[in-house]
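Asker: Pasting the sequence and the predicted coordinates here, then a few questions.
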Amino acid sequence: MSQAWKDYQQKNKDRFLSELLELLRIPSISARSEHKPDMQKCAEAVKQRMLEAGADKAEIFQTPGHPIVYGEKIIDPKKPTVLVYGHYDVQPVEPLELWHSGPFDPVIKDGKIFARGSCDDKGQFYMHVKALETMVQTNSLVTNIKFCIEGEEEVGSSNLADFVKSHKDLLKADVILISDTAMLSLENPSIDIGVRGLSYIEVEVTGPNRDLHSGVYGGAVANPITILAKMIASLHDENNHITIPGFYDDVVVATTEERKKMAAAPYDEKEYKEDLGVKELWGEKGFTTNERTGIRPTIELNGIWGGYIGEGSKTVLPSKAFAKISARLVPNQDSNKITDLLINHLKKIAPANVSVKAEPHHGGEPYMTPIDSKAYKAAAAAIKDTFGKDPIPVRGGGSIPICSLFEQELGIKIVFMGFGLDSDNLHSPNEKFNLDNYYKGIETIPYFHKHFAEM
């Protein structure tokens, strides 16, 4: 069986790549309304690829936002069913000037595909489509497979939540398999056993009722940009500990044993800093870099603006200043509770010389996968089959908003089998996906289905 898979994949690897490149050429940016036609085009392309791979049926479900693509291959209702989740929408591409090539003109260089969505998540969900084709064409499919590929993951998955609630029978399965995470490296494979939750807000600080002359009024009227900067700076203390009262109340503190396992993961701080181009790292005192990005909650400033930012100078004291702020959450923290906490705290600490308006954008809950579950064991066995070593369990720093709702509504567990790398420039210019990782994913996924069916 395994040799037949390898032979088929080797014979068709160039086509597997060219099909992915076609998907990457579609600018499916969910956050931008001008790309709504591209979202529909991409959904139709995903549907067509599923059918070509051997799905019995594939269809597009329209939502108030962007479409959801559903597909399935049912070989025997009595056999286990695996629901594959992924997303075809991508992040905005700015700043464009930092890209070495067009974000939607994929370039292969040094064994890597450079394009927006190459890793997050077109390249990764498409591995499952090609794995399905491999198993169908080699007559070796041993599970039923369903696909739920959405177009709003990067903007909070709000319509997917309604879709899941109203299509429980359609999505009924025994496990949810997601490839939207990273592994340490091909030399040191790993499996994410959890992802962090997310709370995202936008803040508007208003001072005077209009922009003012900074000479005439400067020193007499509070500058909203200055005030906002001070408010944001106050969110961390000298140990980079978050100062919002109650922020850590629900945090499940990692055990000594879990921290010991995390410490076993290979980590080269010098290489880490060199890759990022920084001289020193920053973070909460008392925790390692891996712990800061996995088991600890954070608050980050994602954008700040106000006043004059055009060419040349304009001596203005602005009326308003804005910021986008996000918090990454860990088990037991609730995104709605943290959103309210953050908004109320910013309003409370604002001085009387400004007013504050804050509103939520989107959020999601943290999620943990038990390592003693049947699905995790199947994923670990699959990786050992193709990598030759047991994967290291790690906690991911990113967020997949729909995870907790999937489990809540469908009553099944999730397993993460990501084949990207943390250095793949997700959400940044020059996003990439290693060809070796892409092909390794296609090679490994059929083994998951084999082991899951046998357990």
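Answerer: Everything's here; your move.

Asker: I299 belongs to a strand?
Answerer: Yes. Judged by DSSP: H, G, I helix; E, B strand; the rest coil, I299 forms part of a strand.

Asker: give the contact list for the residue nearest to it when sequence neighbours are not counted.
Answerer: Distances taken as CB to CB, 6 or more residues apart in numbering put A327 closest to I299, at 4.9 Å, once the chain neighbours are dropped. (Glycine included, C-beta is placed from N, CA and C.) Counting by CB atoms under 8 Å, 6 or more residues apart in numbering, A327 touches 198-200, 297-300, 338, 342.

Asker: again, 7 Å this time
Answerer: When contacts are counted by CB atoms under 7 Å, 6 or more residues apart in numbering, A327 touches 199, 297-299, 338, 342.

Asker: Neighbour-wise, which one of the residues you listed leads?
Answerer: S199 (29 neighbours; other CB atoms under 10 Å).

Asker: which SS class is it?
Answerer: For S199, the assignment made with three-state DSSP gives strand.

Asker: Verify the stated contact: it with L341.
Answerer: No. At 8.6 Å, S199 does not count as touching L341 under the criterion of CB atoms under 7 Å.

Asker: circling back: nearest to G102, of the contacts of A327?
Answerer: T298 (32.3 Å; CB to CB).

Asker: Quick check: bridge partners of that closest one?
Answerer: Under the criterion DSSP bridges, T298 forms beta bridges with R328.

Asker: Okay, the residue nearest to I299 and P401: tell me how far apart.
Answerer: Counting by CB to CB, to the nearest Å, the separation of A327 from P401 is 13 Å.

Asker: Same check on Q91?
Answerer: Separation of Q91 from P401 (CB to CB) stands at 14 Å.

Asker: And the strands in the stretch 351-455 of the chain?
Answerer: 355-364, 367-368, 392-395, 414-416, 432-434 (DSSP state E, counting those that start in this stretch).

Asker: Between those strands, which one is closest to G151.
Answerer: Closest to G151 of the strands of the stretch 351-455 of the chain, according to CB to CB: strand 355-364, at 14.4 Å.

Asker: I325 should be in a strand, yeah?
Answerer: Yes. Under three-state DSSP, I325 falls within a strand.

Asker: residues contacting it?
Answerer: Each residue near I325 by CB under 7 Å, 6+ apart is listed here: 201, 203, 299, 301-302, 342.

Asker: will you turn the residues you listed into a markdown table that also has distance to P429 and pLDDT?
Answerer: Shown next, in a markdown table, are the contacts of I325 (distance: CB to CB, whole Å; pLDDT from 0 to 100):
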| residue | distance to P429 | pLDDT |
| --- | --- | --- |
| I201 | 25 | 97 |
| V203 | 26 | 98 |
| I299 | 24 | 98 |
| L301 | 19 | 97 |
| N302 | 16 | 96 |
| L342 | 28 | 98 |
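
Asker: is it possible to export the residues you listed to CSV including distance to I392?
Answerer: Conversion of the contacts of I325 to CSV gives the following (distance: CB to CB, whole Å):
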residue, distance to I392
I201, 34
V203, 39
I299, 28
L301, 32
N302, 30
L342, 33
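
Asker: ok, those residues vs G364, which is closest?
Answerer: For those, the nearest to G364 is I201 (13.7 Å; CB to CB).
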